[in-house]
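Peer 1: When you get a sec, could you give me coordinates for this:
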Amino acid sequence: MTKYALWNNKGGVGKSFLTFSLACEYALGHPDEEILILDLCPQANLTEIALGGQERSAAALDDLYGRKPRCSVGGYFEARLTSPFIALPDVDDFIFRPHSINDKIPENVALLAGDNLLELLSEAIRQASQMALPNEAWHKVMSWISDFIRIFSEFSKASDVTTFIDCNPSFSIYTQIALAAADNLIIPFTADDSSRRGIENVLALLYGVSASELQGYAKLSFSKRANDEGVVIPKIHTFVSNRVTMYKGKPSSAFQAKTAPIRALVGNTAKSNKRYFTSYKSIEDLFAEMPDYHSVAVVSSTEGCPLSLLKSGHHEIDGDIVQVNQNSINKYTKAIKKLMERL
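Peer 2: Model prediction:
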C-alpha cells in the first residue's frame with residue numbers, strides 16, 4: 001500500500017496532468033491492483049480530466065456535488081468536521097469510479113473528486129486542528145486522508161492499493177493533510193527560476209530546510225510540529241523535469257542551463273539532509289524528464305484518455321481540429337512508463 005503525493009509550491013508545472021498520466025499508466029500496468037486517485041485541489045483539474053473532459057466532466061461534477069453526502073473530498077471533509085476525532089464516515093459515500101462514465105479510464109481506478117469547497121472549509125479544518133481537547137487534535141486532523149486511504153484499502157479486494165495524491169500548490173491545511181498521508185513525494189518542475197523558488201519553498205515548508213536567514217522561521221515549521229507530534233511526512237522520491245525542450249534527442253542547451261540551478265539546489269540539499277530523501281546512488285537518480293508534449297497533453301486531458309490509449313490523427317477540441325502525431329504520443333508515453341518503473 002504505497003502512497004505518492006505530487007506537489008510543488010509553484011502552480012503551472014503540469015502537476016495534475018502528470019498525476020493523471022502516471023496513475024492511469026500504473027493502473028493499466030497493474031490490473032491486479034486498485035489505484036486510488038485523490039484530488040486535493042479546489043480547481044479539480046485532475047477530476048475533470050478523469051471524468052472525460054469538456055461538457056461531460058462538468059455534468060458529472062454537478063452530479064457528484066449534488067449527492068447526499070457530497071461525493072467529493074469536500075463532502076468527506078464536511079463529514080469529518082461533523083465529528084472530527086471519533087466517528088469515521090463510510091468512504092464508499094465519497095468514492096467514484098470514473099470508468100462508469102469514461103470507458104477510457106481503467107476499471108481499477110477509484111477517484112476522490114476535487115472540490116472548490118476545500119477553500120471554504122479550510123478555516124473550519126484549521127480551527128478543529130487547534131482545539132485544546134483532545135490533546136492530539138492536530139495529529140488527528142492531519143490523519144484524515146490517511147484514514148480515508150486506510151479504510152479504502154481494508155475493504156479493497158485487490159492484491160494491493162497504490163495511491164496518487166494531486167496536491168494544491170498552496171501550503172493550506174488541506175495540502176498539509178494530503179502530504180501527511182503520503183509515503184513518497186514527487187516534485188514536478190519546469191526550467192525556470194520560479195520553479196526553483198517553488199522547490200526552495202517545498203524544502204522550507206515541509207522539511208524546515210532553508211537559508212540561514214530563515215532558520216528562525218524554520219523552527220516554527222510544519223516539519224518540526226510533525227516530528228514533535230509523531231506525524232510522518234513523505235520522503236522526496238523524484239524531481240520530474242516537465243516539458244523538456246529536446247534537441248537531437250537530448251535536452252537543449254538552454255534548457256540545461258535553466259535547470260542547472262535546480263539540480264545544484266537539490267544536490268546540496270540531498271547531501272546534507274539525506275533523511276528527507278528516498279535512497280539513491282547519485283543525484284541523477286533523483287531526476288526524471290518529461291518531453292514537451294505539445295498537442296498530446298491538450299488532447300489527452302480534454303478527452304480524458306490515458307496516453308498509451310490515445311490515437312494519432314485528427315481530434316476535435318472545442319470546435320477546432322487538432323492533429324496528434326504518433327511519435328509525440330510515443331515519446332511522452334515512454335517517459336511516463338520510465339517514471340512508472342521507478343515507483
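Peer 1: contacts, neighbours, all on C-alpha from now
Peer 2: Noted.
Peer 1: Excluding chain neighbours, what is closest to I321?
Peer 2: H315 (5.6 Å; CA to CA, 6 or more residues apart in numbering).
Peer 1: Test my guess that the one you found contacts V299.
Peer 2: Yes. Checked against CA atoms under 8 Å, the pair H315 and V299 is within contact range at 7.2 Å.
Peer 1: Which of those two has more residues huddled nearby?
Peer 2: More crowded of H315 and V299, by other CA atoms under 10 Å: V299, with 22 against 15.
Peer 1: so what does the helix or strand hosting that one touch, helix or strand wise?
Peer 2: Per DSSP states H and E, V299 falls inside helix 295-303. Here helix 295-303 touches helix 45-50, strand 313-317, strand 320-324, going by 3 or more CA pairs under 8 Å, 6 or more residues apart in numbering; DSSP states H and E.
Peer 1: Return that helix as PDB; C-alpha atoms alone will do.
Peer 2: C-alpha atoms of helix 295-303 as PDB (Å, rounded to 0.1, in the frame of the first residue of the first chain):
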ATOM      1  CA  SER A 295      -0.800  18.900 -28.500                       C
ATOM      2  CA  VAL A 296      -0.600  15.500 -26.800                       C
ATOM      3  CA  ALA A 297      -1.500  16.800 -23.400                       C
ATOM      4  CA  VAL A 298      -4.300  19.000 -24.700                       C
ATOM      5  CA  VAL A 299      -6.000  16.100 -26.400                       C
ATOM      6  CA  SER A 300      -5.300  13.600 -23.700                       C
ATOM      7  CA  SER A 301      -6.600  15.900 -20.900                       C
ATOM      8  CA  THR A 302      -9.600  17.200 -22.900                       C
ATOM      9  CA  GLU A 303     -10.800  13.700 -23.900                       C
END
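Peer 1: buried residues in that helix?
Peer 2: Neighbour counts over helix 295-303 (16 or more other CA atoms under 10 Å) mark 296-297, 299-303 as buried.
Peer 1: circling back: got the contact list for the residue nearest to I321?
Peer 2: Residues counted as contacts of H315 (CA atoms under 8 Å, 6 or more residues apart in numbering) are 299, 321-324.
Peer 1: Give me the local confidence score for it.
Peer 2: Looking at H315, its pLDDT stands at 91.
Peer 1: H294 now?
Peer 2: Looking at H294, its pLDDT stands at 72.
Peer 1: correct me, but L64 touches S72?
Peer 2: Yes. L64 lies in contact with S72 (CA under 8 Å); the separation is 6.8 Å.
Peer 1: Out of those two, name the residue with the larger neighbour count.
Peer 2: Legend: neighbour count by other CA under 10 Å for L64 and S72, higher for S72 (30 against 20).
Peer 1: measure the more buried one to C41 for me?
Peer 2: To C41, S72 is 11 Å away according to CA to CA, to the nearest Å.
Peer 1: Can you check which residues contact both of those two?
Peer 2: Taking CA under 8 Å, 6+ apart as the contact rule, S72 and C41 both touch 114-115.
Peer 1: okay, and the helix or strand of this structure with the least pLDDT?
Peer 2: Scoring the helices and strands of the chain by mean pLDDT, DSSP states H and E places strand 246-247 at the bottom, with a mean of 50.
Peer 1: ok, the closest residue to L117 other than its chain neighbours - contacts?
Peer 2: Nearest residue to L117 in three dimensions, chain neighbours excluded: G74, at 5.4 Å (CA to CA, 6+ apart). Applying CA under 8 Å, 6+ apart, we find G74 in contact with 114-118, 121.
Peer 1: switch the cut-off to 6 Å
Peer 2: 115, 117-118 (CA atoms under 6 Å, 6 or more residues apart in numbering).
Peer 1: And for I236?
Peer 2: Counted by CA under 6 Å, 6+ apart, I236 has contacts 184-185, 277-278.
Peer 1: element containing it, please.
Peer 2: Going by DSSP H and E, I236 is part of strand 235-244.
Peer 1: Show me which of the contacts of H315 are buried.
Peer 2: Using 16+ other CA under 10 Å, the buried members of the contacts of H315 are 299, 322, 324.
Peer 1: distance of the last one from P89?
Peer 2: Here the distance between V324 and P89 works out to 44 Å (CA to CA).
Peer 1: Counting neighbours, what do you get for I151?
Peer 2: By other CA under 10 Å, neighbour count at I151 equals 16.
Peer 1: Next one, pLDDT for the closest residue to E229 other than its chain neighbours please.
Peer 2: Excluding its sequence neighbours, the residue lying closest to E229 (CA to CA, 6+ apart) is H139, at 6.5 Å. Note for H139: predicted pLDDT of 95.
Peer 1: quick one: the strands in the stretch 51-200 of the chain?
Peer 2: For the stretch 51-200 of the chain, the strands defined by DSSP state E, counting those that start in this stretch cover 109-112, 161-167, 184-189.
Peer 1: Kindly reformat these as JSON lines containing mean neighbour count and distance to A50.
Peer 2: Below are the strands of the stretch 51-200 of the chain laid out as JSON lines (neighbours: other CA atoms under 10 Å; distance: least, CA to CA, whole Å):
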{"stretch": "strand 109-112", "mean neighbour count": "24", "distance to A50": "8"}
{"stretch": "strand 161-167", "mean neighbour count": "25", "distance to A50": "12"}
{"stretch": "strand 184-189", "mean neighbour count": "26", "distance to A50": "20"}
